[in-house]
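Colleague: Show me how the following folds:
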Amino acid sequence: MAIAIVLVLLLLGSILFHFLSPWQLTPLASNWGSIDDTIDITLWVTGFVFVAVNLFMAWAIVRYRYRSDRRAEYEPENKTLEWWLMGVTTVGIAALLAPGLFVWGRYVTVPDEAHEVEIVGQQWHWGFRFPGKDGAFGRVDTRLLSGENPFGMDAADPAGLDDVLIHGSRVLLPVDRPVKALLRSRDVLHNFQVVQFRAKMDLVPGQLSYLWLTPTRTGEFEILCAELCGIGHFAMRGMVEVVEPAAFEQWLAAQPTYASILARPEPDAAKGRTLYAPCAACHGTEGQGNAQMNAPRLAGQDAWYLIRQLAYFKSGVRGAHADDTHGQQMRAFASMLVDRAAMADLAAYIETFPVPPPVISVDGNPQRGARVWRNCAACHGNEGQGIQATQAPRLAGIDDWYLQRQLDNFRRGIRGRHPDDAYGWQMTEMAKLVRGEDATRDLIAHINMLALAASRPADGATELAHRSD
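Modeller: Model (predicted):
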């Protein structure tokens, strides 16, 4: 009897939790209300079965409880009961499957008036491509993928010259206009999902999948990867902003085309030397850095990362936080660079600097830090060399005091919280994995070991590696 009472109480508690819970579906922001209806039907069918089975179990426990004055009867077959069970089960399964099949039929049937956008997933960020005025996408090839060509564009195809390329995790869509999203993966299995749109689909390497939807209200909605795609899966986020059609067209016209990217002039280190003159006062004549001036070493850093950070400082993505006093200083200097070409020239000149040996000022246990480094190596490389494909900069050789300050800034939200800093979002999450000052110093000590190994001859590096083990 006690077990039957417990079953009934658990049943009542489950029902009350469902109806009184504050956790409900997010507000719908697309045309896919039919998916919500299908979910509701599924809940009602499975809920009815859940209630019926638990009440039957409670009734059976009471009705057929042990009594000393009677024996259990063995009945191997009951065709009447079996037909009832088959009939009820068939109706229940049909009620579960039929609505979904009708909705799926609509889900894969794209309206003729839908415009297109290609969504490219990669560990661990998103990219977007729109067709140009010709309305056709240019040809792409995985063999052409590189840091400079993240979409794998084929320069020999004229149809791709007017394609609009957005190498970032933020995209705009017009409200009340159907859109077909072509989904492509550069590496592993991903899944594009915007919860408010009720639309999701896998990105499978080697094939092109798709989904379609009509955004029905303006606002910002987070993009998630709903497929476990690696260590940075939880930080693979993006943003869809739904705006009025006029605002969308204005934004799209301001984005770079493939032709404009190809037309960028080659960086001129000679021009960059002139532009570097104001930087030398803090960062040193050869980018060696100056801890007294809170200016980190620049020598040895990759040009693509320097360009991105200069653009971030200039636009206010970085250095706008009230507590980022050193970043605020950099904003003033970055504003002196008139355009991206000037940033590229400056970065090209910095790349000519000799790389001095690292200066160690942070104590820690590199062996313990090596365990923490496993998470970082997935993006920054096993040797801390940086990987452009994952948009992760070089860390080996960067001033250890600067690394310590930036990790603290990420953890405190001083850096990486701007909505346009997609890679900063990832770092704010990853920095939380380094818990406490001791773990931070240990991690930086291991990065210092990587820098020392890289700065020594091959034999010395091998010896150092053995000592680290």
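
Colleague: Which residue ranges of this structure form strands?
Modeller: Along the chain, the segments classed as strands by DSSP state E run 115-122, 125-130, 164-166, 170-174, 179-185, 190-194, 199-203, 209-213, 219-225, 237-243.

Colleague: Just the CA atoms from the second one would do, formatted as CSV, please.
Modeller: This file holds the C-alpha atoms of strand 125-130, laid out as CSV (Å, rounded to 0.1, in the frame of the first residue of the first chain):
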residue,chain,number,x,y,z
HIS,A,125,32.7,29.8,-34.7
TRP,A,126,30.3,30.6,-37.5
GLY,A,127,30.7,32.4,-40.9
PHE,A,128,28.1,33.6,-43.3
ARG,A,129,27.9,34.2,-47.1
PHE,A,130,25.3,35.9,-49.1
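
Colleague: any idea of the angle it forms with strand 170-174?
Modeller: Angle of strand 125-130 versus strand 170-174, following axes from the mean of the first three to the mean of the last three Cα atoms, to 10 degrees, is 40 degrees.

Colleague: Show me what strand 125-130 is packed up against.
Modeller: strand 115-122, strand 164-166, helix 422-431 (3 or more Cβ pairs under 8 Å, 6 or more residues apart in numbering; DSSP states H and E). Using the backbone N, CA and C atoms, a C-beta is placed for each residue, glycine as well.

Colleague: Can you give the contact residues for it?
Modeller: Contacts to strand 125-130, defined as Cβ atoms under 8 Å, 6 or more residues apart in numbering, come from residues 116-120, 137, 150-151, 163-169, 171, 192, 223, 236, 238, 252, 255, 391, 422-423, 426.

Colleague: ok, of the residues you listed, which come out buried?
Modeller: Among the contacts of strand 125-130, those classed as buried by 16 or more other Cβ atoms under 10 Å are 116-120, 137, 150-151, 163-169, 171, 192, 223, 236, 238, 391, 422-423, 426.

Colleague: Please tabulate the helices and strands packed on strand 125-130 in CSV and include distance to residue 364 as additional columns.
Modeller: Compiled in CSV, the helices and strands packed on strand 125-130 are given as follows (distance: least, Cβ to Cβ, whole Å):
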stretch, distance to residue 364
strand 115-122, 32
strand 164-166, 40
helix 422-431, 16
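
Colleague: so which of those gets nearest residue 279?
Modeller: helix 422-431 (22.5 Å; Cβ to Cβ).

Colleague: residue ranges with poor pLDDT in the stretch 351-469 of the chain?
Modeller: 456-469 (pLDDT under 70).

Colleague: List the buried residues for stretch 38-46?
Modeller: Under the neighbour-count rule (16+ other Cβ under 10 Å), stretch 38-46 has 38, 45 buried.

Colleague: Give me the pLDDT for residue 265.
Modeller: Note on residue 265: pLDDT of 89.

Colleague: Over to the residue nearest to residue 297 when sequence neighbours are not counted: give its phi and psi.
Modeller: Using Cβ to Cβ, 6 or more residues apart in numbering and skipping residues adjacent in sequence, the residue nearest residue 297 is residue 289, 3.4 Å away. Per-residue torsions, residue 289: phi 80, psi 160 (degrees, to the nearest 10).

Colleague: Residue 289 contacts residue 280, correct?
Modeller: No - if you go by Cβ atoms under 8 Å, residue 289 and residue 280 don't touch, sitting 11.4 Å apart.

Colleague: between the two, who's got more neighbours?
Modeller: Set residue 289 next to residue 280 and count neighbours by other Cβ atoms under 10 Å: residue 289 wins out with 22 against 14.

Colleague: Of the strands of the chain, which is nearest residue 76?
Modeller: Short answer: strand 199-203, nearest of the strands of the chain by Cβ to Cβ, at 46.5 Å.

Colleague: contacts for that closest one?
Modeller: Taking Cβ under 8 Å, 6+ apart as the rule, strand 199-203 contacts 30, 32, 35, 107, 119, 121, 181, 183-185, 189-194, 209-213, 226-227.

Colleague: who does it pair up with?
Modeller: Strand 199-203 has the following strand partners under DSSP bridges: strand 190-194 (antiparallel).

Colleague: got a list of contacts for the strand it pairs with?
Modeller: Contacts of strand 190-194 (Cβ under 8 Å, 6+ apart): 29, 119, 121-122, 126, 181, 183, 199-203, 211, 221-227, 229, 236, 240.

Colleague: repeat that for 6 Å
Modeller: 119, 121, 183, 200-203, 221, 223-227, 229, 240 (Cβ atoms under 6 Å, 6 or more residues apart in numbering).

Colleague: angle of that strand against strand 179-185?
Modeller: Using the same axes, to 10 degrees: strand 190-194 against strand 179-185 is 150 degrees.

Colleague: I'd like the average pLDDT over strand 190-194.
Modeller: 95.

Colleague: how far out from the middle of the chain is it?
Modeller: Remark: strand 190-194 is offset 10 Å from the chain centroid, using Cα atoms, centre = their mean, to the nearest Å.

Colleague: Next, count neighbours for residue 332.
Modeller: Counted with other Cβ under 10 Å, residue 332 comes out at 11.

Colleague: Tell me the confidence at it?
Modeller: 87.

Colleague: Which stretches in the stretch 251-400 of the chain count as helices?
Modeller: Secondary structure of the stretch 251-400 of the chain (DSSP state H, counting those that start in this stretch): helices at 258-262, 269-283, 303-315, 325-334, 340-350, 366-380, 400-412.

Colleague: So which of those helices is nearest residue 68?
Modeller: helix 366-380 (63.5 Å).

Colleague: Give me the helices and strands touching the closest one, please.
Modeller: Under the contact criterion of 3 or more Cβ pairs under 6 Å, 6 or more residues apart in numbering; DSSP states H and E, helix 366-380 touches helix 436-455.

Colleague: mind running it again at 8 Å?
Modeller: So helix 366-380, by 3+ Cβ pairs under 8 Å, 6+ apart, packs with helix 422-431, helix 436-455, helix 458-468.

Colleague: are any of the contacts of strand 199-203 buried, and which?
Modeller: 30, 32, 35, 107, 119, 121, 181, 183-185, 190-194, 209, 211-213, 226-227.

Colleague: Contacts only, for the closest residue to residue 178 other than its chain neighbours.
Modeller: What sits nearest to residue 178 in space, not counting adjacent residues and going by Cβ to Cβ, 6+ apart, is residue 114, at 3.8 Å. Shown in contact with residue 114 (Cβ under 8 Å, 6+ apart): 177, 178, 179, 180, 212.

Colleague: Read off the pLDDT value for the fourth one.
Modeller: When you say that, I think you mean residue 180. 96.

Colleague: Alright, calling it a day.
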